[in-house]
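Novice: A structural model of the following input is requested.
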Amino acid sequence: MAKRNFVLTPEEARSIQQILETCTDDPSCLRMRAVLWYGTGRPSTEIIAQLGCSRTSLLSWCQAYRTSGVPGLLDRRLGGNNRRLTHQQLAGLTQRLKTTTPRQVFSRNAATPAGSEWTVHDLYRALRMWYGVVFRSSTSYYNLLQRVKPKSEK
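Specialist: Model prediction:
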């Protein structure tokens with residue numbers, strides 16, 4: 001069995017335990033719990049089974065803790081791409097897609113030759129132009145288009 005290189009000091013373990021007592025952010029709590037258990041000698045197989053994480057994640061969280069302390073374990077995700085649009089913007093987008101065509105918005109530069117139906121590419125361009133929003137994934141545009149697409153096109 002390989003020697004464990006990651007061991008928490010009693011002070012570090014107490015500090016993490018105190019944070020866990022008031023932690024409300026599930027992903028961050030999971031990471032802190034994993035680091036605490038691993039750093040205090042609990043077997044990795046037990047941690048993986050109880051927390052449902054992978055060995056790779058467990059070791060990367062330990063590395064993040066070593067590098068940055070508790071802040072390295074905090075959840076930094078922003079949420080889904082849909083959070084980049086406010087409720088008002090989403091309502092406005094729905095209305096715009098119902099009342100305009102890509103051809104009306106982009107002239108001859110619509111993604112389809114007729115320019116009568118909204119495509120993912122057209123939605124990407126429209127969001128950039130109207131709201132200054134760019135999603136990280138093309139899947140996000142597809143999902144948004146399915147949610148706000150005019151009923152006649154579904």
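Novice: Please report how far the residue lying closest to Ala64 once chain neighbours are set aside lies from Ser140.
Specialist: Nearest-residue entry for Ala64: Gly72, 3.7 Å, with adjacent residues in sequence omitted and distances by Cβ to Cβ, 6 or more residues apart in numbering. Where C-beta positions appear, they are placed from N, C-alpha and C, glycine not excepted. Relative to Ser140, Gly72 is positioned 27 Å away (criterion: Cβ to Cβ, to the nearest Å).
Novice: Please apply the same query to Gly52.
Specialist: 26 Å.
Novice: Which one's more surrounded, the two?
Specialist: Ser140 (19 against 9; other Cβ atoms under 10 Å).
Novice: how about that one, secondary structure?
Specialist: helix (DSSP: H, G, I helix; E, B strand; the rest coil).
Novice: cool, and Gly115?
Specialist: Quick answer, by three-state DSSP: Gly115 is coil.
Novice: Could you give the number of residues near it?
Specialist: Here the number of neighbours of Gly115 (other Cβ under 10 Å) works out to 19.
Novice: Tell me who's in contact with it.
Specialist: Gly115 sits next to 101-104, 106, 108 when contact means Cβ atoms under 8 Å, 6 or more residues apart in numbering.
Novice: for Cys29, what are its contacts?
Specialist: Residues touching Cys29, when contacts are defined by Cβ under 8 Å, 6+ apart, comprise 20, 23.
Novice: at 6 Å what do you get?
Specialist: Cys23 (Cβ atoms under 6 Å, 6 or more residues apart in numbering).
Novice: do the same with Phe106
Specialist: Residues counted as contacts of Phe106 (Cβ under 6 Å, 6+ apart): none.
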